[in-house]
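Trainee: everything below, folded, please.
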Amino acid sequence: MTTGQTPQAPRSHHAGSPQGGAHYLRLRQICLVAPDLEPAVDAVRAIFGLEVCFRDPAVGKYGLVNALFVFGHQFLEVVAPTRDGTTAGRFIERSGGRGGYMVSLTPGRELQESVASMFEARGHKVIRATIGGPAAHG
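Mentor: All right, here's what the predicted structure looks like:
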């Protein structure tokens with residue numbers, strides 16, 4: 001794997017199933033935020049017995065460091081801010097350092113807009129993106 005490449009989790013035989021593929025909602029990734037990365041990485045190792053599969057230097061442009069773990073057919077990511085004024089740092093301040101930071105779902109086509117609208121109606125920011133294509137921020 002070269003620097004900047006995103007690792008691929010093993011594919012579930014249900015994830016791209018043409019029979020009902022438009023009706024699924026697959027969890028792709030959970031992202032946790034921590035004030036310091038390495039103690040959080042050590043905790044994931046101790047609790048789940050997992051090793052880091054990838055550290056993405058590209059998140060540095062957002063003032064972050066990260067560690068990714070393959071967790072079944074999904075990813076668990078931990079990020080930590082490296083400078084003041086980051087979105088992750090503000091989240092830590094608002095939440096008192098508790099809670100998940102982001103969840104990434106892969107919805108079927110028919111669910112995509114209804115799920116996005118539901119989250120937006122509840123005041124959450126939704127980022128719409130096509131894998132391999134340009135992202136449109138909502």
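Trainee: name the element G89 belongs to?
Mentor: Counting by DSSP states H and E, the element that carries G89 is helix 87-95.
Trainee: err, Q29, not the other one
Mentor: strand 25-33.
Trainee: give me the helices and strands touching the next helix or strand along the chain from that strand, please.
Mentor: Helices and strands here follow DSSP H and E; after strand 25-33, the next one along the chain is helix 37-48. Other helices and strands packing on helix 37-48, by 3 or more CB pairs under 8 Å, 6 or more residues apart in numbering; DSSP states H and E, are strand 64-71, strand 74-81. Backbone N, C-alpha and C define where each C-beta goes, glycine included.
Trainee: try it again at 10 Å.
Mentor: strand 25-33, strand 64-71, strand 74-81 (3 or more CB pairs under 10 Å, 6 or more residues apart in numbering; DSSP states H and E).
Trainee: what residue ranges in this structure score low on pLDDT?
Mentor: 1-24, 107-110, 129-138 (pLDDT under 70).
Trainee: hmm, back to that, flag every buried residue along the helix holding G89.
Mentor: Residues of helix 87-95 classed as buried by neighbour count (16 or more other CB atoms under 10 Å): T87, A88, G89, F91, I92.
Trainee: would you turn the helices and strands packed on helix 37-48 into TSV with mean neighbour count and distance to G99?
Mentor: Below are the helices and strands packed on helix 37-48 laid out as TSV (neighbours: other CB atoms under 10 Å; distance: least, CB to CB, whole Å):
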stretch	mean neighbour count	distance to G99
strand 25-33	16	8
strand 64-71	20	17
strand 74-81	21	13
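Trainee: who's in contact with stretch 36-45?
Mentor: Contact with stretch 36-45 is made by 32-34, 50-52, 55, 64-67, 69, 71, 76, 78-82, as judged by CB atoms under 10 Å, 6 or more residues apart in numbering.
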